[in-house]
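# only geometry, no sequence info:
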């Protein structure tokens, strides 16, 4: 097994679907990206360009995002590919309206690593934007529907990013039409949740060195969206259901 | 602890670690000595050691967190070792970000184990610069701690009109490196930490308060073609 580090997303996956965690992280069957995932990455590129170049026109920032989207989704079979593509310029505009008032970030895509006592592997991630002059860290989230509060998984993820600097942790949600930034509350508690998840994940991993063993103690929930798409066939091949 | 000193009371008696204090308003360093008078009562005496200040700093174990120095009350601290997750900031607005370092004073300014804590911006800037210098030099001095002197203090003026004030940022300098003194044994400052780390009574909320960019940042506009100088 080549398990080397935790991430907030892998720990959330472990909690949500242990069988898919086994499939992806232990057996190495990474699921292909999706249109929403590609859009998030692309919008972030366009927004980063617009933040590092405050005078850059929106068209230029959108072009950066669209080029990224087309590049990373070139081989995607996701039927929503075009539907999501056309929303990218509005999302870039929406995000820059929200984030340009903060000024130029001092750090973008900064690697963060946390290894609390008791863990064999560190929990790692990349924060989106940090403004050292205000000690504010913001993670950008693209979504179809504006949430009324920070999602739990996001609170955990962003709490990890402010482990060493105690920054004001914020989540910026953007839809094609709306944008809102929420302050993360109870940062310690959410970061501790990640720690707890990681400890249980490691206890799980310690059960065996044999990937096949983990198939014998998990089972996919085929009604879950996790098992749509290509994962459905893999569930049949590996679990026989 | 070679001298059998107890650096932390561990109870309600408060902090009994001898300390030095940096007065940011005056730019002076003092050693607080406690002695018993003829009646047996303890009295405090602040000895100015600004010009002679020299100590081995345990920057390997520098602690950061929040401190409250309330008038007429014992200081309160919530510290963790630098690099560990910061403690939750107390709701009490009297708590400000602070730092704590243990040290062994040079013989000519006391020669004993002390700690220094502070939460003024000027103090923290001075400590931050010192720590940067420590980080830059520690690889070349394995197993050693920096010998630190107080080189000078820089005036920093803030506010205007009636609210104008001047504080003095300490400028520390690493004058050398020395093996850790036997009696410089780090003992974490954990007062109050236990209560802070107690679990919440209910599931923690994630946050639903919308926030905007800081006002000052809104002035950060890109320079236009008409901007000069």
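Arrived safely. Keep in mind the model is a prediction, meaning the values are calculated, not measured.
# and stretch B:129-148, end to end?
With C-alpha to C-alpha, to the nearest Å applied, stretch B:129-148 spans 12 Å between its terminal residues.
# buried set for it?
B:130, B:131, B:133, B:134, B:138, B:144, B:145, B:146, B:147, B:148 (16 or more other C-beta atoms under 10 Å in any protein chain shown). All C-beta spots, glycine's among them, are computed from the backbone N, C-alpha and C.
# that stretch near chain A anywhere?
No - counting by C-beta under 8 Å from any C-beta of the partner chain, chain A is not contacted by stretch B:129-148; separation bottoms out at 13.2 Å.
# ok, residues contacting that stretch?
The contact list for stretch B:129-148 (C-beta atoms under 8 Å, 6 or more residues apart in numbering or on different chains) reads B:54-60, B:62, B:82, B:103, B:106, B:171-180, B:184.
# go again using 10 Å as the cut-off
B:53-62, B:64, B:82, B:99, B:101, B:103-104, B:106, B:169-181, B:184 (C-beta atoms under 10 Å, 6 or more residues apart in numbering or on different chains).
# buried ones from those, can you make that a PyMOL selection?
Filtering these down to the buried ones (16+ other C-beta under 10 Å) takes a single PyMOL command:
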select buried, chain B and resi 53+54+55+56+57+58+59+60+61+62+64+82+99+101+103+104+106+169+170+171+172+174+177+184
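# dump the buried residues of stretch B:129-148 to a markdown table, plus secondary structure and pLDDT.
Below are these laid out as a markdown table (DSSP: H, G, I helix; E, B strand; the rest coil; pLDDT from 0 to 100):
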| residue | secondary structure | pLDDT |
| --- | --- | --- |
| B:130 | helix | 95 |
| B:131 | helix | 95 |
| B:133 | helix | 94 |
| B:134 | helix | 95 |
| B:138 | helix | 93 |
| B:144 | strand | 94 |
| B:145 | strand | 95 |
| B:146 | strand | 96 |
| B:147 | strand | 96 |
| B:148 | strand | 96 |
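# of all those, which comes closest to residue A:156?
Checking the buried residues of stretch B:129-148 against residue A:156 by C-beta to C-beta gives residue B:131 as the nearest, at 29.3 Å.
# can you pull the poorly scored residue ranges out of chain A?
A:1 (pLDDT under 70).
# quick one: the strands in it?
A:107-114, A:123-131, A:136-142, A:168-174, A:179-183 (DSSP state E).
# kindly report the same for chain B.
Going by DSSP E, chain B shows strands at B:20-23, B:28-36, B:42-48, B:54-57, B:63-68, B:76-81, B:96-105, B:113-118, B:144-158, B:165-179.
# Provide the strand pairings for the third one, with the direction of each partner.
On the basis of DSSP bridges, the sheet neighbours of strand B:42-48 come out as strand B:28-36 (antiparallel).
# which one, of the strands of chain A, ends up nearest to residue A:19?
Nearest of the strands of chain A (C-beta to C-beta): strand A:123-131, 22.0 Å.
# just checking, what packs against that closest one?
helix A:8-16, helix A:35-52, helix A:88-99, strand A:107-114, strand A:136-142, helix A:152-161, strand A:168-174, helix A:187-205 (3 or more C-beta pairs under 10 Å, 6 or more residues apart in numbering or on different chains; DSSP states H and E).
# could you dump the strands of chain B to CSV with distance to residue A:189?
Below are the strands of chain B laid out as CSV (distance: least, C-beta to C-beta, whole Å):
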stretch, distance to residue A:189
strand B:20-23, 34
strand B:28-36, 37
strand B:42-48, 40
strand B:54-57, 34
strand B:63-68, 17
strand B:76-81, 16
strand B:96-105, 20
strand B:113-118, 27
strand B:144-158, 35
strand B:165-179, 35
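# among the ones you listed, which is nearest residue A:164?
Nearest to residue A:164, of those and by C-beta to C-beta, is strand B:63-68 at 9.8 Å.
# other SSEs contacting that closest one?
strand B:76-81, strand B:96-105, strand B:113-118, helix B:121-137, helix B:193-197.
# please identify the buried residues of that strand?
Buried residues in strand B:63-68 (16+ other C-beta under 10 Å): B:63, B:64, B:65, B:66, B:67, B:68.
# what sits against the second one?
Which is residue B:64. A:164, A:166, B:78-84, B:86-87, B:97-101, B:124, B:127, B:131.
# how near is residue A:120 to residue A:198?
Here residue A:120 is placed at a distance of 9 Å from residue A:198 (C-beta to C-beta, to the nearest Å).
# let me fix that, I meant to ask about residue B:32.
44 Å.
# neighbour count winner among these two?
Counted by other C-beta atoms under 10 Å in any protein chain shown, residue B:32 and residue A:198 do not tie: residue A:198 has more neighbours, with 26 against 13.
# nearest spatial neighbour of the more buried one, skipping sequence neighbours?
residue A:6 (4.8 Å; C-beta to C-beta, 6 or more residues apart in numbering or on different chains).
# isn't the one you found right up against residue A:156?
No - look at residue A:6 against residue A:156 with C-beta atoms under 10 Å: they stay out of range, at 11.4 Å.
# and for those two, which residues touch both?
A:123, A:194, A:195, A:197.
# got JSON lines for those, with neighbour count too?
Shown next, in JSON lines, are these (neighbours: other C-beta atoms under 10 Å in any protein chain shown):
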{"residue": "A:123", "neighbour count": "26"}
{"residue": "A:194", "neighbour count": "25"}
{"residue": "A:195", "neighbour count": "21"}
{"residue": "A:197", "neighbour count": "19"}
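# which of those residues lies closest to chain B?
The shortest gap between chain B and any of those belongs to residue A:195, at 9.1 Å (C-beta to the nearest C-beta).
# list the contacts for the closest one?
Residue A:195 touches A:6, A:11, A:114, A:115, A:116, A:117, A:118, A:119, A:123, A:156, A:160, B:85, counting by C-beta under 10 Å, 6+ apart.
# what's around the last one, how many residues?
Right, residue B:85. With other C-beta under 10 Å as criterion, residue B:85 counts 19.
# which residue, other than its chain neighbours, is closest to it?
Nearest to residue B:85 is residue A:163, by C-beta to C-beta, 6+ apart, at 5.1 Å.
# repeat for the fourth one
Closest residue to residue A:115 apart from its sequence neighbours, by C-beta to C-beta, 6+ apart: residue A:122 at 3.9 Å.
# what count of nearby residues applies to the one you found?
15.
# before we move on, back to that, same list (the contacts of residue A:195) but as a markdown table, adding distance to residue A:137.
Converted to a markdown table, these look like this (distance: C-beta to C-beta, whole Å):
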| residue | distance to residue A:137 |
| --- | --- |
| A:6 | 19 |
| A:11 | 19 |
| A:114 | 14 |
| A:115 | 19 |
| A:116 | 19 |
| A:117 | 24 |
| A:118 | 25 |
| A:119 | 22 |
| A:123 | 16 |
| A:156 | 14 |
| A:160 | 10 |
| B:85 | 14 |
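# and those, which two are the farthest apart?
It's A:117 and A:156 that sit farthest apart of the contacts of residue A:195, by C-beta to C-beta, at 18.6 Å.
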